[in-house]
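> take this sequence and fold it.
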Amino acid sequence: MDASKRSNLWRAMIGFMSLMILQWYAPFVKADGNETLGPPSVTIASGTRMITAGVGLSLSQPGDIEFTVPAGATVEQVLLYWHGYQNDGEGVGDAEITVNGTAVTGTLIGGPLDLNSSDASAYRADITALAAVSAGANTLTIGDMDFNKVNHGAGVLVIITENVSVAAHIDVRDGNDYAYAPRPAPQDSTVPQVFNFAASTEDRTATIDMHFASIAGIASSGGEGIFRPSAIAITVGNESPVIYDNLLGSFDGEEWDSLSIDVDVPAGVTQIIVEAQSVDNGAPVPEGYLEENRAQEASLHWIAAGLSITPQAVPGRMTGGGHQIRIDGARITRGFTIHCDIRLSNNIEVNWPGGNKWHLSKPITSAVCIDDAAVSPFPPAAPFDTFIGEGVGELNGVEGSIIRFTFVDAGEPGRNDTAWIRIWAPGVDPDGGTSPVLEVEGTLDGGNIQAHYDQPHS
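Numbering: from 1, shown residues only. Purely as a prediction, here's the structure:
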């Protein structure tokens, strides 16, 4: 064999081996999804949970995405998604839209998918730096989307931290996975998304947040109210799949749907599988549609899916020792005791300038006790160091005042312990945007917080 033939053969062998290596490695590459969802090509922030919301834009623009971030929460990341159709063979659509009048350029995360008469494309942009989202009520006005056939809509995944130093397990997938039952594979179904996570010794709750585009609604189906059936199948561990029928149908406005589904995760479970299905299981059509207007299975685009699992709570109690605990002029009465088990008795009293007095009613309404690896409560030894709670009590003798608090035991003698306290006037909804009457946080000016193993109770 002459030298040129040997050289060509060697190049061919290298090319074949390189192709095989790339094919083997492809499932592990960090890159969105085309006819599937995949890990995003951006770093996902840590937090304690996600908020999802969206708006359909097929009939008119601009449109508003409206949602509320709980008071006291920190916004860690805001991911914006949008989707639309170009006429067949006419490109990838519109990568630039506006948010509250500011131009935003997105990354193509899936498409263009060839659907015979249309080309479908999905985009994502990290808009955290716009600082357009904060605690309280939020409105994101989406405009200037210009796909030349259909502008389906837009939605956000907002990652927040709710006054807790230990993050939840958060996993996000995105792309452009199309499903319509009559189509040939792979466009007849979506690829099930497998979410893996560490086991826990306690039962937990997982939340699955999702965005979908292009399922026609009442107006976009010509005003006839034609309903296109679909389903979401969720499998927790080794249990049988739970089917959620007909949750999609332009419920965020024409041609866009955002979903948030809570599922129970038993102790020891390490996997959840989610699949969006173009299927008619015979379930009733949703309110607003007529059964006689049931049509073919939905054609849908699955744009994003996020899983968040709340941190595991641990049993224990927390006390305020030493003299009165002080922070920013507020005093927490000495000897306070709160339990991670909300069924047990608890006592908190808060006083601040102006003669204001707040007293906890029993029991507290919410408690999460967390062991933060970065914080040591020793001495004494304790199963946790951070207590996040909520309760209802009396403010200056009037019932119905809500308190939210986070106490952190950072060891003896207490000079590094921290507290975060918000108290609202009686009858005020903390998530309604009204400012609290007391808002303090930081390292203690005096006193001591101590976490403990719980004592036996009958």
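> would you map the helices across this structure?
3-25 (DSSP state H).
> correct me, but residue 275 touches residue 195?
No: counting by Cβ atoms under 8 Å, residue 275 does not reach residue 195; the two are 11.7 Å apart. Every residue, glycine included, has its C-beta placed from N, CA and C.
> contacts only, for residue 411.
Neighbouring residues of residue 411 by Cβ atoms under 8 Å, 6 or more residues apart in numbering: 376-379.
> one more: residue 151?
Neighbour list for residue 151: 57-58, 61, 84, 94, 145 [criterion: Cβ under 8 Å, 6+ apart].
> ranking by neighbours, what's the top pick from the residues you listed?
residue 84 (31 neighbours; other Cβ atoms under 10 Å).
> not counting sequence-adjacent ones, nearest residue to that residue?
residue 147 (3.0 Å; Cβ to Cβ, 6 or more residues apart in numbering).
> do residue 395 as well
Nearest to residue 395 is residue 401, by Cβ to Cβ, 6+ apart, at 3.7 Å.
> the one you found pairs with what?
Beta-bridge partners for residue 401, by DSSP bridges, are residue 393.
> any idea how many residues pack against it?
Residue 401 has 24 neighbours, counted by other Cβ under 10 Å.
> gap between residue 159 and residue 110?
21 Å (Cβ to Cβ, to the nearest Å).
> and residue 256, by the same measure?
Applying Cβ to Cβ, the value for residue 256 to residue 110 is 16 Å.
> who has more neighbours out of the two?
Neighbours per residue, other Cβ under 10 Å: of residue 256 and residue 110, the larger number sits with residue 256, 31 against 26.
> hang on, the earlier thing: can you give me the distance of the residue nearest to residue 84 to residue 63?
Residue 147 is 14 Å from residue 63, by Cβ to Cβ.
> what residues are up against the residue positioned nearest the centre of the chain?
Centroid-nearest residue in the chain: residue 50, 1.9 Å away (criterion: Cα atoms, centre = their mean). Contacts for residue 50 (Cβ under 8 Å, 6+ apart) come out as 157-160, 170, 207, 209, 306, 308.
> most surrounded residue in those?
residue 157 (28 neighbours).
> could you verify my assumption that it touches residue 52?
Yes: with contact defined as Cβ under 8 Å, residue 157 counts as touching residue 52 (5.7 Å).
> can you check which residues contact both of those two?
Counting by Cβ under 8 Å, 6+ apart, the shared contacts of residue 157 and residue 52 are 209, 211, 306.
> which single one of the residues you listed is nearest to residue 426?
residue 209 (33.4 Å; Cβ to Cβ).
> okay, and the beta partners of that closest one?
Here residue 209 sits in beta bridges with residue 260, residue 306, going by DSSP bridges.
> next one: phi and psi at residue 396?
Here is the backbone geometry of residue 396 (degrees, to the nearest 10): phi 50, psi 40.
> tell me the contacts of it?
Counting by Cβ under 8 Å, 6+ apart, residue 396 has contacts 355-358.
> of those - the most surrounded one?
residue 358 leads the contacts of residue 396 on contacts (other Cβ under 10 Å) with 23 neighbours.
> re earlier: now the contacts of residue 50 as CSV including distance to residue 388 and pLDDT?
Output for the contacts of residue 50, formatted as CSV (distance: Cβ to Cβ, whole Å; pLDDT from 0 to 100):
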residue, distance to residue 388, pLDDT
157, 23, 98
158, 19, 98
159, 17, 96
160, 13, 93
170, 17, 95
207, 17, 96
209, 21, 98
306, 22, 97
308, 16, 95
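> the residues you listed in strands, which ones?
157-160, 170, 207, 209, 306, 308 (DSSP state E).
> name the single longest strand found in this structure.
When the chain is parsed with DSSP E, its longest strand is strand 74-87.
> quick one: residue 64 from residue 154, how far?
In terms of Cβ to Cβ, residue 64 sits 10 Å off from residue 154.
> no, scratch that, I was asking about residue 263
In terms of Cβ to Cβ, residue 263 sits 26 Å off from residue 154.
> between those two, which is the more surrounded one?
Using other Cβ under 10 Å as the criterion, residue 263 and residue 154 rank with residue 154 on top: 35 against 19.
> let me know how buried the residue lying closest to the more buried one once chain neighbours are set aside is, in neighbour terms.
Nearest residue to residue 154 in three dimensions, chain neighbours excluded: residue 82, at 4.0 Å (Cβ to Cβ, 6+ apart). Residue 82 has 30 neighbours, counted by other Cβ under 10 Å.
> show me the contacts for residue 82.
Here residue 82 is in contact with 97, 106, 122-123, 142, 145, 152-155 (Cβ under 8 Å, 6+ apart).
> against residue 395, how distant is it?
Residue 82 is 45 Å from residue 395, by Cβ to Cβ.
> how about the contacts made by residue 364?
338, 342, 346, 389-391.
> list the contacts for the nearest residue in space to it that is not next to it in sequence?
In space, residue 364 comes closest to residue 391 once its chain neighbours are excluded; the distance is 3.9 Å by Cβ to Cβ, 6+ apart. Taking Cβ under 8 Å, 6+ apart, we find residue 391 in contact with 346, 348, 360-361, 363-366, 402-403.
> just residue 84 next, same as before
Contacts here follow Cβ under 8 Å, 6+ apart; on that basis residue 84 touches 93-94, 120-121, 145, 147, 149-152, 213.
> okay if I get those as JSON lines plus distance to residue 435 and pLDDT?
Putting the contacts of residue 84 into JSON lines (distance: Cβ to Cβ, whole Å; pLDDT from 0 to 100) gives the following:
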{"residue": "93", "distance to residue 435": "42", "pLDDT": "92"}
{"residue": "94", "distance to residue 435": "39", "pLDDT": "96"}
{"residue": "120", "distance to residue 435": "44", "pLDDT": "97"}
{"residue": "121", "distance to residue 435": "42", "pLDDT": "97"}
{"residue": "145", "distance to residue 435": "35", "pLDDT": "98"}
{"residue": "147", "distance to residue 435": "41", "pLDDT": "97"}
{"residue": "149", "distance to residue 435": "46", "pLDDT": "96"}
{"residue": "150", "distance to residue 435": "42", "pLDDT": "96"}
{"residue": "151", "distance to residue 435": "37", "pLDDT": "97"}
{"residue": "152", "distance to residue 435": "37", "pLDDT": "97"}
{"residue": "213", "distance to residue 435": "37", "pLDDT": "98"}
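> which of these has the most neighbours?
Ranked by neighbour count (other Cβ under 10 Å), the contacts of residue 84 have residue 213 at the top, with 32 neighbours.
> show me what that one is bridged to.
Residue 213 forms beta bridges with residue 256, residue 301, as assigned by DSSP bridges.
> please apply the same query to residue 176.
Beta-bridge partners of residue 176, as defined by DSSP bridges: residue 34.
> is it true that it touches residue 111?
Yes: with contact defined as Cβ under 8 Å, residue 176 reaches residue 111; the gap is 4.8 Å.
> what residues do the two have in common as contacts?
Common neighbours of residue 176 and residue 111, counting by Cβ under 8 Å, 6+ apart, are 34, 120-122.
> could you list the low-pLDDT ranges of the stretch 1-150 of the chain?
1-31 (pLDDT under 70).
> show me where the stretch 301-450 of the chain has its strands.
317-327, 330-332, 337-339, 349-352, 356-360, 366-370, 386-395, 398-408, 418-423, 438-443, 446-452 (DSSP state E, counting those that start in this stretch).
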